[in-house]
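Trainee: test case, fold it:
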Amino acid sequence: MDPARLDGIPLFASLSAEERAHVADRVSEVSFDAGRRLMSQDQFPVECFLIQQGTVEVVRDGEHIADLGPGDVVGEVALFGGWEKPRNATVTASTPLRVIRIDDRAFRRITRELPAVAEKMRATAAERAGPANDG
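Mentor: Purely as a prediction, here's the structure:
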C-alpha cells in the first residue's frame, strides 16, 4: 500500500518515514460493507484492524460495549503476543468501512525484520487500548 496512507495515523505516528514505508509494504488496505463481521468472540485471531473510515460496533457476551471509528484499533490484543488467545469481543461494521489490516504473518515479519518498529507499534497500541476495544 502507499506509505502516505499511514501518515497521520496514531498507531504509526512514532515511526519515521522509512519505517512507515517498511510497514506499508507488509500491511493491506481493505474495505468492508456495513454489517460485515470483522471478528467473532471466542475465535482465534489472525489479524487486527486500524479503522481509517467508518464505524464498528463492539459486543461482548451479547452486550454492546462500544462504537469505534477512525484512528481506533480493533483486535490489537494480538499485537501483544495474544495470537493464541481467543477474541474477547465480536466486532461488526456499522457503516461501510475502510481499514488497514495487519495479519499475524505480516506482524511477525515486521517484528523479525525491524523489532524496534514492532515495539513502537505495540507501545502505541497499548497506550490506546482500553477495555472496550481489545477484541
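Trainee: helices of the chain, start to end?
Mentor: Assigned by DSSP state H, the chain shows helices spanning 17-24, 104-113, 115-128.
Trainee: list the buried residues for the shortest one?
Mentor: Residues of helix 17-24 classed as buried under the neighbour-count rule (16 or more other C-beta atoms under 10 Å) are 19-20, 22-24. The way it works is simple: take the backbone N, C-alpha and C, and place the C-beta from them, glycine included.
Trainee: got the angle between that helix and helix 104-113?
Mentor: 150 degrees (axes from the mean of the first three to the mean of the last three C-alpha atoms, to 10 degrees).
Trainee: distance from helix 17-24 to the middle of the chain?
Mentor: The chain centroid and the centroid of helix 17-24 are separated by 16 Å under C-alpha atoms, centre = their mean, to the nearest Å.
Trainee: ok, the most centrally placed residue in the chain - contacts?
Mentor: Nearest to the geometric centre of the chain sits residue 49, at 2.8 Å (C-alpha atoms, centre = their mean). For residue 49, the contact set (C-beta atoms under 8 Å, 6 or more residues apart in numbering) comprises 30, 38, 73-75, 91, 99-102.
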